[in-house]
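Asks: need a structure here:
(2 chains)
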Amino acid sequence: MKSSLGHIIMKEIKELLTPATLIPILIFAVIFGSLGSAFGGAAEQFSEPPKLGVINQDPGFLGSYIYQDLDHKSTIIYNGTDIEAGIATVSEQNGVALLVIAPNFTDNLTDDQAGSVQIWWIMKGTGIMDSISSGAADVVLAQVQNDLSKYLIDNTITTNSTVILNPVKYNQNTVFKNKEMVGITPGTIATVMTGQSIIVPLIVVMVVIYAGTMVVTSMGSEKENKTLETLLTLPVRRTSIVFGKLAGAAIVGLVFAAIYMVGMGYYMSSLVGSTSLDLSSFGISLDLLDYVLVGISLFLALLFALGLCMILGIFTKNYRAAQTMTLPVTMLALIPMFVLMFTDFNTLPTFAQAIVFAIPFSQPIIAINSLMFGQVGIVLIGIVYEIAIALVTIFIAVYLFKKDILLTGRVKSAEGKKRGSYSLWTMMKSKK
Amino acid sequence: MPAIEVDRLSKKYGEFLALKNVSFSVNEGEVFGLIGPNGAGKTTTLRVLATLLEVTSGQIKIYGYDLVKQADEVRKIISYLPEDAGAYKNMKGIDYLSFIAEFFVEGEKKKEMLQRGTEVANLGERINDRIDTYSKGMARRLLVARALMIQPKLAILDELTTGLDVLNAQEIRRVVKRAAKSGTTVLLSSHNMLEVELMCDRIALINDGQIVANGSPQELKSKYNASNIEEVFVAVVQ
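Replies: Numbering: from 1, shown residues only, chains lettered A, B, ... in the order given. Sure thing, here's the model as predicted:
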């Protein structure tokens, strides 16, 4: 005989560990695992020598010295004389940066002044993982600086301790999505952009959790309290019931999101306000039309979430079951949030891009980042996709609302009765 | 014109045949009872007639309307009270009646309907309290009021008084009888044989998804040489 505690634990596990809770977790584990290979690819870049372009404008021996040192510690993919051509080559060959050794590099150091090197960082994306390759280059540049310090001491080229400690003055610029931004690093841009764009994924997740949970639990509650049967026999069309429930949840969800946005807005403005960088001066900003497009994308993502939750709600049996039903939708909203926080959509491998793009909740996040750089095309494609998938989802919800499964929750077949199984599939087969 | 005409109704859940060629008819103003053991198909029959479940095969007419093709019209003239039905618990009783009334009428007619509902519910001042504070009997009275205040042509009542004490059950039966006298056709199911005998003009016994006996209480008692419907039930089912 089992102990009472063991008996209760087994009962709880059986109730909680159902296909409805287990399958979504397994699916998302597989999706995250697949996406992990994308992050792994970025991490591998850290262990490889960074690809650099180097333009040595200095005819002196110290310019040659650091060129050779860079050649030893990195892979030089451009060593011409033209900056524009160098930037283009480094971008095309997936390089990290173009370094320009100033013409007076040797003269400055022999005159007890730091020699200057101009850096043009090639920024690929704004995600955390996108900065890994520039991090590897940073390490190389620090090593070059140390090597040069040692060379200056060994050969008593200068005795100025300040110059010996920091013999190279790096002037940092960034090229991102064909925009040349003078005097700023990729890290600064990523920080400011994340500050400006993180609010959208957070809103997506909050709205999905709030509104989605409301729809599913409303269905669970209606079934548990047996109010749904009454509602369905009233002189009102099923489509009106579906849209009434969706609209009610959408309005309340948007109100919650608006309240949340106000709070987050103040929080983020205080963060962004503390940095001196104004990205709009580089043409990276959103205008009114961009905000409208992001709003449309967000609304359509909400509509899809509600449709999906309504479908899940149709299969739910009661309030408790309804609460676990929201898990897959919440996970679906969290995937793009985390993935796009770590990597830029544009730097993901194609298969990962396809997975992320297919999740409608990604669209508002992709939209805000793309619109900042004037990439309207991908946003419009995303909106068309969202309209299509939201309509399909709502159509399925309305269709199921007219079926027995709404009340029966499960369709038991003669065979299924014995094994206590279900399904929508059985219902569809029986229609044939 | 019969209020209900059910002709060879079959209903499948997946591969499971819950109703097998069920046929019966109910006249206008009649109180008709469906009785049978658990799982016999009573609730399935009522749910199909209430437009909740799809018809697998057969034909049903409610006051001349085809149930499948004119479900929206049928819903305008019926009222369904499920077994163990609930109401929106965070609403007040009066607000719940008002919410339902909105689907049928507006303005002065709505006021009249609410007045009627309040009288049927007979909850006094408690009609202004939240439903989650009601006892089971009070909640059932409110739901019966909801079902009858719209003066439906057909009231479909599943296990009308299950779980209620004698006084509450009696009061609800009185209310339903009164509605029937004023012209509402009533189709009810019950496990309570006394209730069925007291209330119904005619009865159908359903077993394993089939109608196995049909007639007035007197006719059935004579046919099965029984002193009450309970004995008829046992004789038919066994």
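Asks: Against chain A, how distant is the residue nearest to residue B:210 when sequence neighbours are not counted?
Replies: Distance criterion CB to CB, 6 or more residues apart in numbering or on different chains; nearest residue to residue B:210, sequence neighbours excluded, is residue B:20 at 5.1 Å. (Glycine included, C-beta is placed from N, CA and C.) Distance from residue B:20 to chain A, counting by CB to the nearest CB, to the nearest Å: 14 Å.
Asks: Am I right that residue B:20 is in a strand?
Replies: Yes. Assessed with DSSP: H, G, I helix; E, B strand; the rest coil, residue B:20 lies in a strand.
Asks: ok, now which ones touch it?
Replies: For residue B:20, the contacting residues are B:10, B:208, B:209, B:210, by CB atoms under 8 Å, 6 or more residues apart in numbering or on different chains.
Asks: Just those residues: which are in strands?
Replies: Under the assignment DSSP state E, the contacts of residue B:20 contribute B:10, B:210 to strands.
Asks: So which of the contacts of residue B:20 wins on neighbours?
Replies: Within the contacts of residue B:20, most neighbours by other CB atoms under 10 Å in any protein chain shown means residue B:209, with 21 neighbours.
Asks: Who are the packing partners of the host helix or strand of residue B:236?
Replies: Using DSSP states H and E, residue B:236 maps to helix B:229-237. Helix B:229-237 is packed against helix B:193-199, strand B:202-207, strand B:210-215, helix B:217-223, with contacts defined by 3 or more CB pairs under 8 Å, 6 or more residues apart in numbering or on different chains; DSSP states H and E.
Asks: Parallel or antiparallel, which strands does the third one pair with?
Replies: Looking back up the chat, that one is strand B:210-215. Using DSSP bridges, the strands paired with strand B:210-215 are strand B:202-207 (antiparallel).
Asks: So for residue 18, what's the pLDDT?
Replies: Going with chain A. Per-residue pLDDT puts residue A:18 at 73.
Asks: Oops, wrong one, chain B.
Replies: For residue B:18, pLDDT reads 93.
Asks: Quick check: the gap between it and chain A.
Replies: Using CB to the nearest CB, residue B:18 is found at 10 Å from chain A.
Asks: Next, the contact list for that residue, please.
Replies: Contacts of residue B:18 by CB under 8 Å, 6+ apart are B:11, B:12, B:41, B:44, B:209.
Asks: and with 6 Å instead?
Replies: Residues near residue B:18 by CB atoms under 6 Å, 6 or more residues apart in numbering or on different chains: B:11, B:41, B:44, B:209.
Asks: can you count the residues close to residue 102?
Replies: Reading this off chain A. Neighbour tally, residue A:102, other CB under 10 Å: 20.
Asks: try chain B instead
Replies: Neighbours of residue B:102 (other CB under 10 Å): 13.
Asks: What distance do you get for it to chain A?
Replies: As judged by CB to the nearest CB, residue B:102 and chain A stand 10 Å apart.
Asks: just to revisit the earlier point, switch the helices and strands packed on helix B:229-237 over to a markdown table; also include mean pLDDT.
Replies: Formatted as a markdown table, the helices and strands packed on helix B:229-237 follow (pLDDT from 0 to 100):
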| stretch | mean pLDDT |
| --- | --- |
| helix B:193-199 | 87 |
| strand B:202-207 | 93 |
| strand B:210-215 | 92 |
| helix B:217-223 | 92 |
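Asks: Pick the most buried one from the ones you listed.
Replies: Of all the helices and strands packed on helix B:229-237, strand B:202-207 carries the top mean neighbour count, a mean of 23, counting by mean count of other CB atoms under 10 Å in any protein chain shown.
Asks: Let me know the angle separating that strand from helix B:229-237.
Replies: Strand B:202-207 and helix B:229-237 are oriented at 40 degrees to each other (axes from the mean of the first three to the mean of the last three CA atoms, to 10 degrees).
Asks: Distance from the chain centre to strand B:202-207, please.
Replies: How far strand B:202-207 lies from its chain's middle: 14 Å, per CA atoms, centre = their mean, to the nearest Å.
Asks: What are the contacting residues of it?
Replies: With contact meaning CB under 6 Å, 6+ apart, strand B:202-207 is reached by B:24, B:32-36, B:40-42, B:196, B:211-214, B:216, B:236-237.
Asks: Switch the helices and strands packed on helix B:229-237 over to CSV; also include distance to residue A:386.
Replies: Shown next, in CSV, are the helices and strands packed on helix B:229-237 (distance: least, CB to CB, whole Å):
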stretch, distance to residue A:386
helix B:193-199, 55
strand B:202-207, 50
strand B:210-215, 51
helix B:217-223, 62
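Asks: Residue A:112 is nearest to which of the ones you listed?
Replies: The minimum distance between residue A:112 and the helices and strands packed on helix B:229-237 falls on strand B:202-207, with 106.7 Å, by CB to CB.
Asks: what residues does chain B put near chain A?
Replies: When proximity is defined as CB under 6 Å from any CB of the partner chain, chain B approaches chain A at B:13-16, B:50, B:52-54, B:75-76, B:80, B:82, B:84-86, B:88, B:103.
Asks: filter those to the buried ones?
Replies: Buried residues within the residues of chain B next to chain A, counting neighbours by 16 or more other CB atoms under 10 Å in any protein chain shown: B:13, B:14, B:16, B:50, B:52, B:53, B:75, B:80, B:82, B:85, B:86, B:88.
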